[in-house]
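In: Test case, fold it:
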Amino acid sequence: MSYDVLFEPIVIGNVEIKNRLVMAPMNMVYCDADGYNSEQWLAWYAARAKGGFGLIVTDATVVNPHTWRGSDHLNPHLFTDERYGRRLGELADQIHAFGAKVFIQLSPGFGRQGHASSATPHIPPAAPSAIPIRIDLRNLNKGWERQLKRLAPKLVENLGGLDTIRAMDDQRYAELEKFLEQVLINEDPSLIKVWKGEVPREITIDEIVFLEEKMAEMSAEALRYGFDGVEIHSPHGYLIHEFLSPRSNKRADQYGGSLENRARFLLNIIRKIRSRIGPDAALGARFSGDELMPEGVTHEEMKEIVSMAAQEGLSYISISQGCYENPGAFAPDGEGEMLKYAPGFKEASGLPVITPNFLTPQAAAAAISEGHTDLVAMGRQAIADPFWPAKVKSGREKDIVKCARCNTCYMNLFEHKWLRCSVNPTAGFERYLPELWRINAPSLEGKVKKFMEKAAGLPLI
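Out: Okay, here's the model as predicted:
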């Protein structure tokens, strides 16, 4: 099978991307504790750029300077002022030096999927409404089951496995929740707030408007610091998505109620960003195709939202699905599951669409050649094998290290561990590989060598 379609260039906004292969945005918690770049972050992105991805979308980079942003438990990138901007500009330069374009994904915060900051533990995260998340274990898939068996093999065995849990009615499941909560209190109380989130406080209108303006300000700053485009972080249960969903948005003001009101925060952000960056700069947004939860935002509603968002000036649409309350949908076992949303989003928006969750070049090439999507993205697969694009292009697809869909990477986040991969021993340790250091980037290699040759033999001072 020919994979040439994967390596055709495409233009998004005013940016030409060399191929149709995108590294999806993922928070690998590799920032330092204050939200700045680390050497590990620079090397991690360099590996995926060197590996041939045409476009890299960064992790969700939070523009909210207040601790009620709810994101500090994952120590994500922060971008609140020029201190962070200078370091992020270094990241953009690093990715460019290794051959890829880069869009920064900007977020106003995590909302009810976040936690109180350790700096202000008395201040809960702010969300549209005071409704906590509650993960239903009946929504876990095989990948998550593997992690539960790793962490608590006897417990899972005694419960009869996830198949038994999935078959429980609400009454039996409520009894199980009480039992599991007591187990966690004794074994790992920090996991309780992941499973049953703390009650957020309702965000004020003044704070909403502040975040709209801050998203616009930092979008313009990101382009000045060298990023090729901006992606709005609005999928799978985070703050913007929480406004979109009737499940998490019970407001009675202009930001709640009707679909148009629930979309107001998003649409204001897009409108204000576009007014700051001009008509041509690349600006996208990521959306869940369906929340896949009772009373959640549906695919039909999401198509209407995508249509309204496109009219406000987006350049492309990126797809996700689910939310933390449905982690099986958020991190599916298979491949190409989210492709079902792409045709509806393409029709609703008239824009290029990025669809994630691919493992094999066969499925990725078919998705594009059959017109279902314009670009394909890889998240966990890009962790497992940074050189997937280069291997496919050189005819070495048999050498691809395939993602095991074990969700070790996800579970490490909730375990508060350094994020690892079960099939890629270099994941998390790229900073130790000299070929990923900036000084060895292709664009600098010759210059550095020439400089060092001239410097050879000079006395030390």
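
In: Where does pLDDT dip in the protein?
Out: Flagging of the chain using pLDDT under 70 yields the residue ranges 458-461.

In: which residues in it form strands?
Out: 10-12, 15-17, 21-23, 55-62, 101-107, 126-127, 201-202, 229-233, 282-288, 316-320, 353-355, 375-378 (DSSP state E).

In: Confirm for me that Ile270 is in contact with Glu312.
Out: Yes - counting by CB atoms under 8 Å, Ile270 does reach Glu312; the two are 4.1 Å apart. Bear in mind the C-beta positions are built from the backbone N, C-alpha and C, glycine included.

In: quick one: which of these two has more around it?
Out: Under the neighbour definition other CB atoms under 10 Å, Ile270 and Glu312 were set side by side, and Ile270 has more, 26 against 18.

In: the helices in the stretch 351-461 of the chain, which residues?
Out: 361-369, 380-384, 388-393, 408-414, 442-455 (DSSP state H, counting those that start in this stretch).

In: What of the stretch 151-300 of the chain?
Out: 153-159, 161-166, 170-187, 192-195, 205-224, 239-244, 259-262, 264-277, 299-311.

In: Ile450: neighbour count?
Out: Just so we're on the same page, residue 450 is Lys rather than Ile. 10.

In: ok, it to Leu444 distance?
Out: 10 Å (CB to CB, to the nearest Å).

In: Check Leu413 too.
Out: Counting by CB to CB, the gap from Leu413 to Leu444 is 33 Å.

In: Then Asp228?
Out: Shown here: Asp228 relative to Leu444, a distance of 19 Å by CB to CB.

In: one step back: would you turn the strands of the chain into TSV with mean neighbour count and distance to Ser394?
Out: Formatted as TSV, the strands of the chain follow (neighbours: other CB atoms under 10 Å; distance: least, CB to CB, whole Å):
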stretch	mean neighbour count	distance to Ser394
strand 10-12	17	21
strand 15-17	18	20
strand 21-23	29	14
strand 55-62	26	20
strand 101-107	26	21
strand 126-127	28	47
strand 201-202	14	53
strand 229-233	26	28
strand 282-288	26	29
strand 316-320	26	27
strand 353-355	26	24
strand 375-378	26	17
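
In: Just send these back as a markdown table, with distance to Leu339 too.
Out: Below are the strands of the chain laid out as a markdown table (distance: least, CB to CB, whole Å):
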| stretch | distance to Leu339 |
| --- | --- |
| strand 10-12 | 18 |
| strand 15-17 | 20 |
| strand 21-23 | 14 |
| strand 55-62 | 18 |
| strand 101-107 | 21 |
| strand 126-127 | 30 |
| strand 201-202 | 36 |
| strand 229-233 | 19 |
| strand 282-288 | 14 |
| strand 316-320 | 8 |
| strand 353-355 | 5 |
| strand 375-378 | 9 |
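
In: Next, the distance between the ends of stretch 416-426.
Out: By CA to CA, to the nearest Å, the extent of stretch 416-426 from end to end equals 19 Å.

In: Also stretch 74-90?
Out: Span of stretch 74-90 from end to end, CA to CA: 21 Å.
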